[in-house]
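**Q** Need a 3D model of the following:
(one chain, ligands or ions: 2)
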Amino acid sequence: MISPLIRLSHVTFQASNAQKLIKNLVDKYRFHPFAVRSLQGGSPCQVALRNGGVVFMVNENNLKTYKNSVMLFDSPLPIPFPDTACNVSFEVDDVPGLCRRLVGEGCQLLVPPMQLHDDFGSVTYCIVKSIVGNVNHTLIDRSHYKANFLPGFDYFECENNLFSSNIKYIDHVTYACPRGETRYILEWYRRCFGFQHFPLSEGEDPGRGFEISGPGIGLRLTSMACTSLNEGCKIVVAESLPQEGPNQIDQFLKHHKKGGIQHIALSTPCILKTTRELSELGVCFAKQPSSYYSHPRKREEIYSVELKPELLSQFGILLDSAQRNASQDTYKKFLLQVFAEPLFYKDSVYLEFIERRMAEGFGEGNIRALWHSMQNIQEDLHLKEQEVGTPTVAQ
Ligand SMILES: O=C(O)C(=O)Cc1ccc(O)cc1
Ligand SMILES: [Fe+2]
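**A** Ligands and ions are numbered 1, 2, ... in the order given. Below you'll find the model as predicted:
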């Protein structure tokens with residue numbers, strides 16, 4: 001099947017304190033607000049922010065905006081709902097045709113095809129409920145629209161950070177889902193949008209995915225890709241496996257019963273530069289035990305891609321390399337990854353930073369280390385919560 005998806009447009013967050021999230025994204029992650037919609041009284045209810053090729057939209061999640069039902073291009077989740085990322089929006093070129101197909105597949109349309117106009121032209125969109133918990137997809141045809149975002153928004157004057165940004169696009173979005181649901185999720189995305197299973201290991205069975213279990217870890221990870229999608233954002237589905245001790249997928253599901261977006265990975269051309277800059281702005285990154293960088297094999301691996309363990313260790317950056325030397329010359333594929341602190345409270349959505357050097361997959365070593373690093377952040381935040389006596393929200 002030819003996929004109807006052209007590119008990922010933006011990801012929407014629904015936050016009870018939108019101003020706080022916006023401030024966080026601006027002050028710490030160098031996002032620039034560029035478009036806003038306001039309520040009649042003047043207070044903003046939807047703000048779009050950009051960093052490089054990544055656009056986030058933030059919806060105010062409170063009763064006032066909810067009752068007035070003024071969200072455009074989104075269908076707000078019923079209140080009360082935890083602060084979360086709730087909509088992955090794609091550009092498509094035939095909204096009515098796609099809607100007919102989705103309805104034929106039994107999908108629930110939250111908003112049927114609608115056309116909105118302003119001075120810059122018109123946009124047609126619809127909203128489809130996904131098969132994963134609180135996640136919806138807004139599908140947008142922007143081909144008759146000339147401004148930078150969507151009708152109904154006011155634009156801020158200049159947008160000059162496109163060139164200074166260290167973030168290029170969304171590399172993957174990872175869902176946490178209840179046990180046993182991965183196969184249905186893959187099937188839904190295949191039928192509706194033409195995603196294909198993207199094996200994480202050679203010969204991987206799509207029904208089983210990639211399983212890692214052991215002390216402190218129980219994870220089934222299955223990835224899918226859509227080749228038509230510009231910059232190829234993947235969707236990764238994570239479910240828990242039986243294990244001892246706390247499991248971050250189960251923790252997430254305590255707040256998002258039927259699943260949701262657990263993390264969003266942002267692609268950067270230079271993770272060292274990005275993590276240094278962001279940590280100067282106050283972003284905390286998940287730490288790695290020093291043993292990760294002192295292990296002789298890991299040190300050798302790091303040196304072999306011409307990096308230094310001491311540099312990576314400053315920000316807890318993980319390396320996974322597929323050392324397939326085609327000839328004697330160093331043709332090396334590798335990827336570097338790190339999680340930042342959660343955007344809201346400890347079991348909420350995380351941002352990941354990822355630098356790919358010809359490596360398209362996800363390395364087993366990194367998955368395991370990323371898991372433990374997220375577990376460590378959660379334990380630290382849990383301790384802080386106990387000290388303060390209130391749930392910790394990343395400031
Ligand atoms: O490989 C990646 O990009 C991951 O992000 C792996 C991963 C997925 C889910 C987790 O809860 C922890 C780690
Ligand atoms: Fe990830």
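**Q** Need the contact partners of stretch 252-259.
**A** Contacts with stretch 252-259, where a contact means Cβ atoms under 8 Å, 6 or more residues apart in numbering, come from 82, 84, 132-135, 175-178, 181, 240, 260, 262, 347-348. Where C-beta positions appear, they are placed from N, C-alpha and C, glycine not excepted.
**Q** where does the nearest residue to residue 27 once chain neighbours are set aside sit relative to residue 30, distance-wise?
**A** Among residues not flanking residue 27 along the chain, residue 281 sits closest, at 6.5 Å (Cβ to Cβ, 6 or more residues apart in numbering). Per Cβ to Cβ, to the nearest Å, residue 281 is found 7 Å from residue 30.
**Q** what does residue 361 give?
**A** 28 Å.
**Q** go on, residue 234?
**A** Going from residue 234 to residue 30 by Cβ to Cβ gives 24 Å.
**Q** residues touching the closest residue to residue 234 other than its chain neighbours, list them.
**A** Computed as Cβ to Cβ, 6+ apart, the closest residue to residue 234 that is not its neighbour in sequence is residue 172, at 4.2 Å. Residue 172 is in contact with 223, 233, 234, 235, 236, 264, 265, 354, counting by Cβ under 8 Å, 6+ apart.
**Q** If we use 6 Å, what do you get?
**A** For residue 172, the contacting residues are 234, 236, 265, by Cβ atoms under 6 Å, 6 or more residues apart in numbering.
**Q** tally of neighbours for the residue of the stretch 51-200 of the chain found nearest ligand 2?
**A** The nearest approach of the stretch 51-200 of the chain to ligand 2 comes at residue 174, 5.1 Å away (Cβ to the ion). Using other Cβ atoms under 10 Å, residue 174 has 20 other residues around it.
**Q** State the mean pLDDT of the host helix or strand of it.
**A** Per DSSP states H and E: residue 174 is located in strand 169-176. Across strand 169-176, pLDDT averages out at 97.
**Q** higher neighbour count, residue 281 and residue 30?
**A** For residue 281 versus residue 30, neighbours defined as other Cβ under 10 Å are more numerous around residue 30 (20 against 11).
**Q** Nearest residue to that one in space, please, no chain neighbours.
**A** Once flanking residues are discounted, residue 30 sits nearest to residue 51: 5.7 Å by Cβ to Cβ, 6+ apart.
**Q** quick one on the thing from earlier: mind listing the strands the strand holding residue 174 pairs with, and their directions?
**A** With DSSP bridges as the test, strand 169-176 is paired with strand 234-240 (parallel), strand 260-267 (antiparallel).
**Q** State the next helix or strand along the chain beyond that strand.
**A** As the chain continues past strand 169-176, the following element, by DSSP H and E, is helix 182-193.
**Q** Outside of that following helix itself, which residues are in contact with it?
**A** Outside of helix 182-193, the residues within contact range by Cβ under 6 Å, 6+ apart are 3, 5, 102, 105, 131-132, 195, 207, 209, 222, 224, 237, 239.
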